[in-house]
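Asker: Build the 3D model from these lines:
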Amino acid sequence: MDIGILVPIIAVSIPIVALARRPFEAWIAAKERMAQASTDATAEKAAQYAAKTERLEQRVAVLERILTDRSTNLADEIDRLRDSPLN
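Answerer: Sure, this is the predicted structure:
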């Protein structure tokens with residue numbers, strides 16, 4: 001290949017690459033913002049699930065205590081829990 005033809009090709013390629021760079025950088029920045037928003041939403045859902053799991057564990061602990069405590073009248077305890085508001 002003749003070097004005489006490479007010079008104009010390179011001369012034209014440099015501005016094209018320079019012009020294409022800015023939209024590409026904007027696209028990358030938009031993708032990063034979308035990924036951060038997704039990460040934030042996932043963290044919020046994880047916190048909600050953790051809180052819900054904690055409440056369920058507390059309720060299971062109460063039920064276990066009722067079932068294993070032989071000195072408690074089971075019917076009275078169930079009635080008391082039924083009448084109390086849920087968390």
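Asker: who's in contact with the helix or strand of the chain with the lowest mean pLDDT?
Answerer: Least confident element among the helices and strands of the chain, by mean pLDDT, DSSP states H and E: helix 74-83 (a mean of 78). The contact list for helix 74-83 (CB atoms under 8 Å, 6 or more residues apart in numbering) reads 62, 66, 67. To be clear about C-beta, it is placed using only N, CA and C from the backbone, and glycine gets the same treatment.
Asker: Including pLDDT, could the residues you listed go into JSON lines?
Answerer: Below are the contacts of helix 74-83 laid out as JSON lines (pLDDT from 0 to 100):
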{"residue": "62", "pLDDT": "88"}
{"residue": "66", "pLDDT": "76"}
{"residue": "67", "pLDDT": "76"}
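Asker: Determine the set of other helices and strands touching the strand or helix carrying residue 14.
Answerer: Using DSSP states H and E, residue 14 falls within helix 3-68. Secondary-structure packing of helix 3-68 (3 or more CB pairs under 8 Å, 6 or more residues apart in numbering; DSSP states H and E): helix 74-83.
Asker: thinking again about what came up before, of the contacts of helix 74-83, which is the most crowded?
Answerer: residue 66 (14 neighbours; other CB atoms under 10 Å).
Asker: residues in contact with that one?
Answerer: Residues near residue 66 by CB under 8 Å, 6+ apart: 72, 74, 77, 78, 81.
Asker: Among those, which one lies nearest to residue 2?
Answerer: residue 81 (91.1 Å; CB to CB).
Asker: Against residue 55, how distant is the closest one?
Answerer: From residue 81 over to residue 55 the distance is 14 Å, taken as CB to CB, to the nearest Å.
Asker: Residue 63: neighbouring residues, count only.
Answerer: Residues within reach of residue 63, counting by other CB under 10 Å, total 13.
Asker: do residue 78 as well
Answerer: By other CB under 10 Å, 13 other residues sit near residue 78.
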